[in-house]
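Chemist: structure, please.
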Amino acid sequence: MITAIKVHWFRTSATKSRWAEEKGIVCEEMKRVVRSFKFNHHRWLKRGHELEAKSLGGAAYARK
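Modeler: Down below sits the predicted model:
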């Protein structure tokens, strides 16, 4: 009986560890996604300001 309880405890502990690791990975991925979106947002806004003198259509597309 005690051996069965130990096995169950180790399996549960391993599952908990895997889920904790997965949560950490997903949180880090979300931070990178947000950072990437902000970077691209600012890059397109800058491109829109640069295109304003050349082409209003291109500037409007870049700001979109």
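
Chemist: by contact count, what packs against the worst-scoring helix or strand of the chain on mean pLDDT?
Modeler: Least confident helix or strand of the chain, by mean pLDDT, DSSP states H and E, is helix 56-63 with a mean of 74. The contact analysis (3 or more CB pairs under 8 Å, 6 or more residues apart in numbering; DSSP states H and E) places helix 56-63 against helix 2-51. C-betas here are computed from N, CA, C, even on glycine.

Chemist: for the helix it packs on, give the mean pLDDT please.
Modeler: Averaged over helix 2-51, pLDDT sits at 92.

Chemist: what's it packed up against?
Modeler: Judged by 3+ CB pairs under 8 Å, 6+ apart, helix 2-51 is in contact with helix 56-63.

Chemist: report the distance from the helix it packs on to the chain centre.
Modeler: 28 Å (CA atoms, centre = their mean, to the nearest Å).
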